[in-house]
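[1] turn this into a structure:
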Amino acid sequence: MHNWLLPEYIEDLLPPTALRMENLRRAILNLFRVHGYELVTPPLIEYIDSLLTGAGSDLDLKTFKLVDQISGKTMGLRADITPQVARIDAHLLNRQGVTRLCYAGSVVHTLPDGTNRSRELMQLGAELYGHPSYEADVEIQKLMLNALKLTGAGELHLDIGHVGVFRGLLQYANITDEQVAPLFAALQAKDISTIRELTAHLDASLQDAFCALPSLYGGVEVLDEAFRVLPSHLDISQALEELRAIINELKDEAKINIDLAELRGYHYHSGVVFAVYTSNHPVPLAQGGRYDEVGKSFGRARPATGFSLDLREIATQFWRAAGAQAILAPYLKNAKLAEKINELRTSGEIVIVDLPGHEAHRNEYDYDRILSQDAQGEWTVSKRPDQLQ
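    Sure, this is the predicted structure:
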């Protein structure tokens, strides 16, 4: 006898979780639509050179690769839709002003991002192209928070940083390319002793500035502290002022934490970076940032900011049964009954027809009401008999 096993970290979505995910997909895409974001659907598979352009080094190990039997070229199953949308904006649409695009589709990873995480994600996101200033970042982050409020995930915590602070420090201190990688790793680990060792050749004030980054975490007061302890370098000051402007716009939308050592996607992002968390959930519900260079390889390096979330993760982790909301109707060749069923379905009700011979299995149906005929011959909806008190 076969055991129909799926690959590790790949799973089916069963009722009602699959419906929950689909309903959320529709609701969030509609939210995007009313904000002026146009839906695009890139292909699941394309040539690897195109698929990994812009963010290739970060995505290469996550991407499944195979040989195209027609061309002989290497293709990949997408691990992220964002570079594809950047290709569409830069190469196909080629608009000059602001372009707002959104998407929803499956992506697959060669390895899971963590314990109990799926390798197949339902990635849903929005991207805004063409506006270089913080107003676009504010719009995208508000849209992200409003989308997450539709999921029932609870109180939202927005973690926000800016890669411009780290890049400004590197430039000010004349850090060589060979020194960047270990320093970056130490900052991500918040390993102050290693940071101090790696910056021992710098003067004391610059060394203290690098060592201060991991501790620059907390509320809006962090910005004042950052202005005090970091060099008055133009790029650093501009990054901090951008963060202040964004936080002032978002302070009523979510609880905000600043983390100036958060460099996730450092080689990919060019400005503000952000992620949203909720209590008792260790991974971000959504994340994103500014990535003005992503379209450069497609011929147009224009301003861009956006976010994405894994709808599969959200539907699986935060779904709660809402209770049965369907109507069970008998199987009869009756014109009035058929008319009533059509009326109910048109109004949005779920009507399940009880096909003949399955009376013993009615408990498998998820219904809370029945459709029955009254003494006057009219078909009416009433409460399920075994739930009457």
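[2] sketch out the low-pLDDT regions of the stretch 201-350 of the chain for me.
    Within the stretch 201-350 of the chain, the segments meeting pLDDT under 70 span 265-267, 295, 297, 319-324.
[3] which residues in it form helices?
    In the stretch 201-350 of the chain, the segments counted as helices under DSSP state H, counting those that start in this stretch are 204-212, 221-229, 234-250, 311-318, 335-346.
[4] just say which of those is most tucked in.
    Across those, the average number of neighbours (mean count of other Cβ atoms under 10 Å) peaks for helix 311-318, which reaches a mean of 20. For glycine as for every other residue, the C-beta is placed from the backbone atoms N, C-alpha and C.
[5] return the list of helices and strands in contact with that one.
    helix 17-34, strand 120-129 (3 or more Cβ pairs under 8 Å, 6 or more residues apart in numbering; DSSP states H and E).
[6] winner for burial among the ones you listed?
    Among the helices and strands packed on helix 311-318, the stretch with the highest mean neighbour count (mean count of other Cβ under 10 Å) is strand 120-129, at a mean of 24.
[7] next, the angle helix 17-34 makes with it.
    Strand 120-129 runs at 0 degrees relative to helix 17-34, counting by axes from the mean of the first three to the mean of the last three Cα atoms, to 10 degrees.
[8] from the contact counts, what lies against strand 120-129?
    Under the contact criterion of 3+ Cβ pairs under 8 Å, 6+ apart, strand 120-129 touches helix 17-34, helix 82-87, strand 99-108, helix 134-149, strand 304-310, helix 311-318.
[9] and Q238, what does it touch?
    G164 (Cβ atoms under 8 Å, 6 or more residues apart in numbering).
[10] coming back round to it: how about the helices of the stretch 201-350 of the chain, which one is nearest A329?
    Nearest to A329, of all the helices of the stretch 201-350 of the chain, is helix 335-346, at 5.6 Å by Cβ to Cβ.
[11] identify the residues contacting the next helix or strand after that closest one?
    Of the helices and strands lying after helix 335-346 in sequence (DSSP states H and E), the nearest is strand 350-354. Strand 350-354 has contacts (Cβ under 8 Å, 6+ apart) with 325-331, 341, 344-345, 362, 365, 367, 371.
[12] stretch 195-207 too?
    The contact list for stretch 195-207, computed with Cβ under 8 Å, 6+ apart, reads 169, 172-173, 179, 182-183, 186-187, 210-211, 213-214, 231.
[13] could you flag which of the residues you listed are buried?
    L169, Y172, A173, L183, A186, L187, F210, C211, L213, P214 (16 or more other Cβ atoms under 10 Å).
[14] and the contacts of strand 350-354, which of them are buried?
    For the contacts of strand 350-354, buried by 16+ other Cβ under 10 Å: I327, L328, A329, I341, L344, Y367, L371.
[15] pretty sure the last one sits against K340.
    Read that as L371. Yes. Under the criterion of Cβ atoms under 8 Å, L371 makes contact with K340 at 6.7 Å.
[16] overlap in contacts, the two.
    Common contact partners of L371 and K340 (Cβ under 8 Å, 6+ apart): W379.
[17] just to revisit the earlier point, output the helices of the stretch 201-350 of the chain in JSON lines; the columns should cover distance to I48.
    Formatted as JSON lines, the helices of the stretch 201-350 of the chain follow (distance: least, Cβ to Cβ, whole Å):
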{"stretch": "helix 204-212", "distance to I48": "37"}
{"stretch": "helix 221-229", "distance to I48": "40"}
{"stretch": "helix 234-250", "distance to I48": "34"}
{"stretch": "helix 311-318", "distance to I48": "24"}
{"stretch": "helix 335-346", "distance to I48": "46"}
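[18] just so I know, which of these lies nearest R26?
    Each of the helices of the stretch 201-350 of the chain was scored for nearness to R26 using Cβ to Cβ, and the closest is helix 311-318 (10.7 Å).
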